[in-house]
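1. quick one, what's the 3D model for this:
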Amino acid sequence: MKPFYRILVLSLVVPLWVNAQTQPDEKSSFTLDESISYALANTVSVKNARIDAQMSEAKVKETFGIGLPQVSGSVALQHNPKLPRFYSKYTEGQPSIIDLSTIPGISNGDVVAFQNVFQLPSNGTAGLTINQLLFSSTYLVGLKAAGTYKDLAYKTEEQTQIQVLENVTKAYYAVLINNERISLFDNNIARVDTLLRNTTALNQNGFAEAIDVDRIQVTLNNLKTERLKFLNSQNLSLGLLKFQMNYPMEKDLTVVGNLTDLTVNENLFNEYEEGWDYKNRIEYKLLDTQRKLQELDIKNKYSNSMPSLSGYLNLGYGTQSPTIGGLFKTESNIPSTSEFGPDKWYPYTAFGITLNVPLFTGLQHTYQIQQSKLSLLKIQNNYNSLKQTIDLSIEQNTTVYKNSLETLKSQRENMALADKVARVTKIKYEQGVGSNIEVTDAENSLKEAQINYYNALYDAIVAKVDLDKAYAKLDPTKYAAQQPAK
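-> Sure, this is the predicted structure:
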């Protein structure tokens, strides 16, 4: 290869290779806030809800456009091989465009069909039609309804975001707690493995029995087996988190966080109860918007019986010719100063207003209004039902949260005691004043206490998330500015 071509190839390939090496990989480590932001930006349900909200905005503009001038243009060419005839009744003594008395054999009262002398076989028109709505109560109500419909779409999007926030939070903490459990398994395995090696050395020197070694070996094998099972379960937890975030399943995902940052205590109740209002719940906002829409629907049905006023303007040009080809010619023997030529396309203009007054519609509007009022009554009844549902939800989740706090406190104390017992038992065994059975029992008790503690911790976190939802504290708007693009 010549030096010139070698340099050319390198100048093209090297920048591409460098760019590929420096291209950043997709983010794979997420905090809780980052997980929620990613989910709000990429979850299909949120995307669809956001599209619905955008569609509602387009619907508002569509409704607004009804009140703007409606302009349409048209061009028409027509040829009549046979023109329709004109008919006239002959009455003696009455004037007529054509003197029918010259027709042989005609008598008083006869109807004569004669050639169309007022129209040529080919004609063309080109014009504009402009319609403007001047007054319509239906249009005014429709504008308000379109705006309310947009509010409903955005509240529905918020409801979807709250659901995603709840699901991602629970899935995230499940993975985070499982990571802590795996670390505990590793510590327990390391501790039991050390105990096994020490006991094996004691057995070889005649200070411990072989059965002691076997018992510890069984404990160690069980720990390793349970850790393997737990790793498989953790993969499922990660899969669930990826699903809730709409994160690619084939890519690795790591959660970043610290359980010590969790706020799980009874001080939350005072914060929640202060300034609490049913209107904070998204379900209440949705119901309130539906009520407004139903009230506007009633107004719309009333407005259908009101008069409407519109104006119109038609303008354009028209011409006629013996042939189609003649429509496109402007030559004429008529002088240009004449009002009849030489241009054979002549303008026309018409304008006016139209008043439409509904008089009788077979009582359809009456019964439509009656149905809409009954639907509004159902919505008003739902207010009481929704309030009772919210009250019950708050009471239930408060009770569950309080119970989970008590359970968590108890399991934390049990885990600390079990850890203390395991340490003391191991020291006693190493000093020859304790038995091997006591050591294995203490290790099993510690493992069980640790499992119970983390189960209680996860239950407390889930209860807190449910309580946050009950008190309308799950706010997706604070993650809006953080949402990354996928």
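
2. going forward, measure contacts between C-alpha atoms and count neighbours the same way
-> OK.

3. what residue ranges in the protein score low on pLDDT?
-> 1-27, 97, 260-267, 330-343, 480-486 (pLDDT under 70).

4. all strands for this protein, in order.
-> For the chain, the strands defined by DSSP state E occupy 29-30, 70-79, 86-89, 111-114, 122-136, 254-255, 308-321, 346-356.

5. what domains does the record give for this structure?
-> Annotated domains of the chain cover 29-73+136-308+363-477, 85-118 [automatic domain parsing].

6. what about the helices in the stretch 351-486 of the chain?
-> Per DSSP state H, counting those that start in this stretch, the stretch 351-486 of the chain carries helices over the ranges 364-430, 436-470.

7. mind putting those helices into TSV with distance to Ile324 and mean neighbour count?
-> Output for those, formatted as TSV (distance: least, CA to CA, whole Å; neighbours: other CA atoms under 10 Å):
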stretch	distance to Ile324	mean neighbour count
helix 364-430	51	16
helix 436-470	75	21
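
8. what's the closest of the ones you listed to Val46?
-> Of all those, helix 436-470 sits nearest to Val46, with 17.9 Å by CA to CA.

9. what's the angle between the closest one and helix 364-430?
-> What separates the directions of helix 436-470 and helix 364-430 is an angle of 160 degrees, with axes from the mean of the first three to the mean of the last three CA atoms, to 10 degrees.

10. who are the packing partners of helix 436-470?
-> When contacts are defined as 3 or more CA pairs under 8 Å, 6 or more residues apart in numbering; DSSP states H and E, helix 436-470 sits against helix 137-204, helix 210-245, helix 364-430.

11. just how off-centre is it within its chain?
-> Per CA atoms, centre = their mean, to the nearest Å, the displacement of helix 436-470 from the mean C-alpha position of its chain is 37 Å.

12. picking up where we left off before, could you identify which of the domains of the chain is most buried?
-> Most buried of these, by mean neighbour count (mean count of other CA atoms under 10 Å): domain 29-73+136-308+363-477, with a mean of 17.

13. end-to-end on that domain?
-> 22 Å (CA to CA, to the nearest Å).

14. what of stretch 298-312?
-> Rule used - CA to CA; the end-to-end distance of stretch 298-312 is 30 Å.

15. which one of the domains of the chain lies nearest to Thr323?
-> Among the domains of the chain, domain 85-118 comes nearest to Thr323, with 15.3 Å by CA to CA.

16. residues making contact with stretch 128-147?
-> 56, 59-60, 63-64, 66-74, 293, 296-297, 299-300, 303-304, 306-316 (CA atoms under 8 Å, 6 or more residues apart in numbering).

17. typo on my end, stretch 81-99
-> 100-101, 107-116, 119-121.

18. for Val357, which non-adjacent residue is spatially closest?
-> Pro307 (4.5 Å; CA to CA, 6 or more residues apart in numbering).

19. any idea how far the one you found is from Gln320?
-> Counting by CA to CA - Pro307 and Gln320 are separated by 40 Å.

20. next: Ile451.
-> Here Ile451 is placed at a distance of 96 Å from Gln320 (CA to CA).

21. kindly report the same for Phe185.
-> In this view, Phe185 and Gln320 are 97 Å apart by CA to CA.

22. also Val255?
-> Val255 is 81 Å from Gln320, by CA to CA.

23. now render the helices and strands packed on helix 436-470 as TSV, adding distance to Ala49.
-> Listed next are the helices and strands packed on helix 436-470 as TSV, based on distance: least, CA to CA, whole Å:
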stretch	distance to Ala49
helix 137-204	5
helix 210-245	16
helix 364-430	23
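
24. of all these, which lies closest to Leu40?
-> Ranking the helices and strands packed on helix 436-470 by distance to Leu40, with CA to CA as the measure, places helix 137-204 first at 6.4 Å.

25. tell me what angle the closest one forms with helix 364-430.
-> Orientation check (the same axes, to 10 degrees): helix 137-204 against helix 364-430 gives 10 degrees.

26. can you give me the angle helix 137-204 makes with strand 308-321?
-> Angle of helix 137-204 versus strand 308-321, following the same axes, to 10 degrees, is 110 degrees.

27. off-centre distance for helix 137-204?
-> In terms of CA atoms, centre = their mean, the centre of helix 137-204 is found 20 Å from the chain centre.

28. contact partners for the residue positioned nearest the centre of the chain?
-> Taking CA atoms, centre = their mean, the centroid of the chain lies closest to Ala49, which sits 1.1 Å from it. The neighbours of Ala49, taking CA under 8 Å, 6+ apart as the test, are Ala153, Tyr154, Thr156, Glu157, Thr160.

29. quick one: residues contacting the fourth one.
-> When you say that, I think you mean Glu157. Neighbours of Glu157 in contact, by CA under 8 Å, 6+ apart: Val46, Ala49, Arg50, Ala53.

30. next one: the third one
-> Under the criterion of CA under 8 Å, 6+ apart, the neighbours of Thr156 are Ala49, Leu286.

31. ditto for the second one
-> When contacts are counted by CA under 8 Å, 6+ apart, Tyr154 touches Ala49, Arg50, Ala53.

32. distance to Tyr149 added to those residues, as a markdown table?
-> Converted to a markdown table, the contacts of Tyr154 look like this (distance: CA to CA, whole Å):
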| residue | distance to Tyr149 |
| --- | --- |
| Ala49 | 13 |
| Arg50 | 14 |
| Ala53 | 9 |
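
33. among these, which one sits closest to Ser233?
-> Using CA to CA, the contacts of Tyr154 come closest to Ser233 at Ala49, 32.3 Å.

34. tell me how far the closest one lies from Glu283.
-> Between Ala49 and Glu283 the computed distance is 16 Å (CA to CA).

35. could you do Gly434 as well?
-> Distance of Gly434 to Glu283, given as CA to CA: 62 Å.

36. likewise Arg191?
-> Counting by CA to CA, the separation of Arg191 from Glu283 is 52 Å.

37. can you check Asn131 too?
-> Distance, Asn131 to Glu283, using CA to CA: 43 Å.

38. again with Ala208
-> As judged by CA to CA, Ala208 and Glu283 stand 68 Å apart.

39. Tyr317 too?
-> In terms of CA to CA, Tyr317 sits 59 Å off from Glu283.

40. do the same with Arg85
-> 71 Å.

41. also Met55?
-> Distance, Met55 to Glu283, by CA to CA: 22 Å.

42. now swap in Gln396 and tell me
-> From Gln396 to Glu283 the distance is 18 Å (CA to CA).
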